[in-house]
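[1] one predicted model, sequence on top.
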Amino acid sequence: MSWIKNRPLRIVLRIQLLITFALVIVFWFILDMHSAISAMLGGATSVISSAAFAFMISRHKGYTAGETIRTALRAEAVKIILTVGLLWMVFKLYANVNAFVFIGTFVLMVLVYSMALLLKDDTKDKINS
C-alpha cells in the first residue's frame, strides 16, 4: 500500500484487512462458508471504498484550501458511490448472503475506518526535522 501517502489511512486500511480476515475465519468455524463469504464481502466493501478514498487523497497536489476541500469532497463522493454500488451488487448477485454477518462486518469496518482521525500523521514531522 505504498501508493497511499497518508500514514493514518494506510494503517487503518491494514487494520481493516486484518480484522476482516479474522472475522472470515471466525464465521467460517462458528457458522458456515456462506457466513465467511458474507464477512469477506462486507469487509471488502468497506476496504475497497476506503482505498479509493485514500488513493484520491494521496494524489492531491494542490496547496490552497479550496483545492483541498474539492479533492476531499470528490474522494468522499467516489467512496459513497462505490459503497452503495458494492452493497447493491452483493445483495443482487450473492443469493446465499448472510445479511446479518455482511452488514455487521461492513459496519464494524466503517467504525474501524473512523480510527484514522485518532492516528497522528508524523510524516510531516520527519520532513521538518
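    Everything's here; your move.
[2] from here on, just use CA atoms for contacts and neighbour counts.
    Will do.
[3] where do the helices sit along this protein?
    Taking DSSP state H as the criterion, the chain contains helices spanning 7-30, 33-58, 65-93, 99-113, 123-128.
[4] can you list contacts of stretch 30-44?
    Applying Cα atoms under 8 Å, 6 or more residues apart in numbering, the external contacts of stretch 30-44 come out as 16-17, 20-21, 23-28, 90, 96-99, 101-106, 109.
[5] if you set the cut-off to 6 Å instead, what comes out?
    Stretch 30-44 has contacts (Cα atoms under 6 Å, 6 or more residues apart in numbering) with 20, 24, 27, 28, 97, 98, 101, 102, 105, 106.
[6] could you give the number of residues near residue 36?
    26 (other Cα atoms under 10 Å).
[7] about what we covered before: list just the nearest of the contacts of stretch 30-44 to residue 7.
    Each of those was checked against residue 7 using Cα to Cα; the closest is residue 20, at 20.0 Å.
[8] so what's the gap between stretch 50-65 and the chain middle?
    15 Å (Cα atoms, centre = their mean, to the nearest Å).
[9] which parts of that stretch are buried?
    50, 51, 52, 53, 54, 55, 56, 57, 58 (16 or more other Cα atoms under 10 Å).
[10] buried deepest among the helices of the chain, which one?
    Comparing those by mean neighbour count (mean count of other Cα atoms under 10 Å), helix 33-58 ranks first with a mean of 23.
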